[in-house]
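*Asks:* Give me a model of this one.
(chains A and B)
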Amino acid sequence: MSALVELVEVSKRYTGAPALHPINLSVAREKTMILIGPSGCGKSTLLRLIIGLVEPDSGTITFNGSQTTPANIDMLRRRIGYVIQEGGLFPHLTARANVLLMAHHLGKSQSEMRTRLTELCELTRFSGTLLERYPLELSGGQRQRVSLMRALMLSPELLLLDEPLGALDPLVRAALQKDLKEIFTRLRQTVLFVTHDLAEAIYFGDEIVLMNEGRIVQHGSIADLREKPASPFVSEFINAQRGLADLRVESGKQETGKETSHPHLETRNPETNI
Amino acid sequence: MISWLSDFFSISCVPAFLIFSASVFAQPIVIGSKKFTESYVIGEIAKHVLKDAGIPAEHRQGMGGTIILWQALRGGQIDAYPEYTGTIAQEILKTDRALSLNEIRDALMKFGVGTTESLGFNNTYALVMRRSEAQQLGLRTIGDLRNHPELRIGLTHEFLDRRDGWQPLRDRYRLPQQNVMGIDHALGYAALANGSIDVKDAYSTDAKIADNDLVVLDDNLKFFPNYDAVVLFRLSVRPDAIAALRRLERTLDEKRMTTLNAEAERTKNYTRAASLYFASDTNSATSVFGESFTHKLSRWTLRHLQLAGASLALAVLIGIPLGIVASRGGPVGHTILGFAGVVQTIPSLALLALLVPVPFFGISVRTAIAALFLYGLLPIVRNTASGLQDIPRSLRESAIALGLSPAARLWQIYLPIASRSILSGIKTSAVISVGTATLAALIGAGGLGEPILSGLNLNDHITILEGAIPAALLALIVQWLFDLLDRVLIPKGLRL
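*Replies:* You can find the predicted model right below:
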């Protein structure tokens, strides 16, 4: 089976400074590919290139066999779901209107939309009673669930997630991580997931792409990165993150005095307003 | 989702434009008058004589001085106005020689302008002072002023500039006074009465001369030419209108004119004063009653709202698209914001004055609306642009990434999110329009500025307040109305 997305020699400069050196990347179907690396390494730019928010200076991007052009990009965007850290929900629309926006735009039938919305609420564990609320009336975690519903509404072939959990507090984040993983598996969703958190990358990733300064440094499994680092930067990045993760666990222990990593999560009802 | 915007457009624009077009396409004979009582009264009389002849007519009161009226007549914004032979010779035909009425008629022909015979009186310029002071100083003639250089002189701006005005008069009589200031005609009488000035220019038929116990200084060197009152008209107006105006010839002597002026100043009601002219005229039995205050007030207010409403509707229709273009930045965006900003810095009075000589505009309602529109543009353009620019990048990009068409992004996402800023720009513009519309009266476009202006001309505070208080109330109501609209139009999600 061919790759869903194919980037060939794609490069991008922002006002002189190269954001992305010519890179090649294939995104396999039904897998979760993680893009990880320090801030400014070009991982978000890569996502923005695929969804057409920026145009490449050189190279070609192919989606499901067809090359993206300004002429067909709006059609392709409707087959891609995109969730960002800030959620990107429109404040003047209710949660329901946000989710249904594109379906309305494309003239889907009422019954079709209702059925899909019920499915999505169940899938994302979002209480239907909250659908009439405006984004400002929802918590951060609820907002990201709505944002995810909006991205999934048209059953996209590809889901692009740009640090979707980056702004959430650790408990909410852990709950959403668990739910997201479940959703990806259930839908056999092709996902391109940007994060700078190694633990999150390991939790989600079938494949990990480590980037630095606009280049792909290494592409493989976490085991590959650990055991066969392509450069000193890879080890450095992994060790630095592990150090931080260990520190976090240490301080967590001191505060709670408990050994388990997420004691609250085990008892938490997923339907509650996280 | 976008219905709030289209609703808003349909509510505000449709009536405004109906009113606007109605006022532009109706074609009565338009009489103009200068900014002093006698001119108002003759203008009113001319209107009535036309209406008696079954010809629709309207009167634009107190439009300004000689040049403005003459330009308006030549430009076709008015069809007729009262004038004086001396003024025609000096100011319009620019000659120093006294001209006979026939010479004047021939000279005006080439401008497409005709004149009636004399209406029957000579309203010459004169210098006046308090009777008590004149007697005390033993002053009888203008020449006697030579011995009293300490006297303070207050003159109308027109008299200061005229070819038959202050400069040649001073040269002719070799007057020594240094203390000369420019002052409005009606205010000048008040200044003379309370002793702030000692001498002022006057028209010999001014009712104030008798009312304030003033004396006219004898023009012993015969400096002032004759100022026989006539009505000038465009030769292209309908012949029956010219015939009706000519019915006024030789029907007003100086005494009668002075009486009518006095009546006008006493009652502040030019219509009633004009009706006195017809009351003693058995040939044209008219029943003209003074307009009641409530009727006047509603007429002023309605016109005021028409002016402000039409200009606001235009500013919204043009300002929002301009604001959308401006929000995209670049040289075009900067040019738009720069232009709107520069217009705003021009004083409103100057903006009106600048538009009057422009061919399409002139002395008309159009000009007032255009000036108000230009004035109201900036807040709308700027708030639309900044409202759109302030939309976070994450929201813009989400709208794009969803695959919404550019039009859908604008109408369903960007404009609603910027709606609050846009509406507050429209509110600012509306309040400015309602306030500035009072200036429209300066170019005869009516509105609540009309009583303010005639109040200023007559130095009558009550009349000023008749316009000023409703105008201020209107501004408050507009403000309150927009606060209400904010609650109705702004999406709930943005008000949390």
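*Asks:* Report the contact partners of A:A28.
*Replies:* Shown in contact with A:A28 (Cβ atoms under 8 Å, 6 or more residues apart in numbering or on different chains): A:3-4, A:190, A:206-207. All C-beta spots, glycine's among them, are computed from the backbone N, C-alpha and C.
*Asks:* if we go to 7 Å?
*Replies:* Counting by Cβ atoms under 7 Å, 6 or more residues apart in numbering or on different chains, A:A28 makes contact with A:A3.
*Asks:* Same question for B:S394.
*Replies:* Applying Cβ under 7 Å, 6+ apart to B:S394 gives the contacts A:84, A:86, A:88.
*Asks:* Check the gap between it and B:A401 for me.
*Replies:* 10 Å (Cβ to Cβ, to the nearest Å).
*Asks:* same question, B:Q412
*Replies:* Taken as Cβ to Cβ, the span from B:Q412 to B:A401 is 15 Å.
*Asks:* right, and the helix or strand after the longest helix anywhere in chain B?
*Replies:* Using DSSP state H to define each element, chain B has its longest helix at helix B:293-327. For helix B:293-327, the following helix or strand on the C-terminal side (DSSP states H and E) is helix B:330-345.
*Asks:* from the chain's centre, how far out does the next helix or strand after that next one sit?
*Replies:* Downstream of helix B:330-345, the next assigned helix or strand under DSSP H and E is helix B:348-355. Centroid displacement of helix B:348-355 relative to its chain, using Cα atoms, centre = their mean, to the nearest Å, is 11 Å.
*Asks:* same check, this time on stretch B:365-372
*Replies:* Distance, stretch centre to chain centre, for stretch B:365-372: 11 Å (Cα atoms, centre = their mean).
*Asks:* Contacts for that stretch, please.
*Replies:* So stretch B:365-372 is contacted by B:23-24, B:307-308, B:310-311, B:348, B:351-352, B:355-356, B:361, B:433, B:436-437, B:440, B:443, B:445 (Cβ under 7 Å, 6+ apart).
*Asks:* again, 6 Å this time
*Replies:* Residues outside stretch B:365-372 that contact it (Cβ atoms under 6 Å, 6 or more residues apart in numbering or on different chains) are B:23, B:307, B:310-311, B:351-352, B:355, B:361, B:433, B:436-437, B:440, B:443, B:445.
*Asks:* In JSON lines: the residues you listed, plus pLDDT.
*Replies:* Output for the contacts of stretch B:365-372, formatted as JSON lines (pLDDT from 0 to 100):
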{"residue": "B:S23", "pLDDT": "40"}
{"residue": "B:L307", "pLDDT": "94"}
{"residue": "B:A310", "pLDDT": "95"}
{"residue": "B:S311", "pLDDT": "95"}
{"residue": "B:L351", "pLDDT": "84"}
{"residue": "B:L352", "pLDDT": "82"}
{"residue": "B:L355", "pLDDT": "82"}
{"residue": "B:F361", "pLDDT": "78"}
{"residue": "B:S433", "pLDDT": "92"}
{"residue": "B:T436", "pLDDT": "90"}
{"residue": "B:A437", "pLDDT": "92"}
{"residue": "B:A440", "pLDDT": "86"}
{"residue": "B:I443", "pLDDT": "75"}
{"residue": "B:A445", "pLDDT": "79"}
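*Asks:* From those, pick the one nearest chain A.
*Replies:* Of all the contacts of stretch B:365-372, B:S433 has the smallest distance to chain A: 27.8 Å, by Cβ to the nearest Cβ.
*Asks:* mind checking how far the nearest residue to B:H304 once chain neighbours are set aside is from B:A441?
*Replies:* Spatial nearest neighbour of B:H304, excluding adjacent residues (Cβ to Cβ, 6 or more residues apart in numbering or on different chains): B:G447 at 3.9 Å. B:G447 sits at a distance of 6 Å from B:A441 (criterion: Cβ to Cβ).
*Asks:* With A:R125 instead?
*Replies:* Taking Cβ to Cβ, one finds A:R125 at 68 Å from B:A441.
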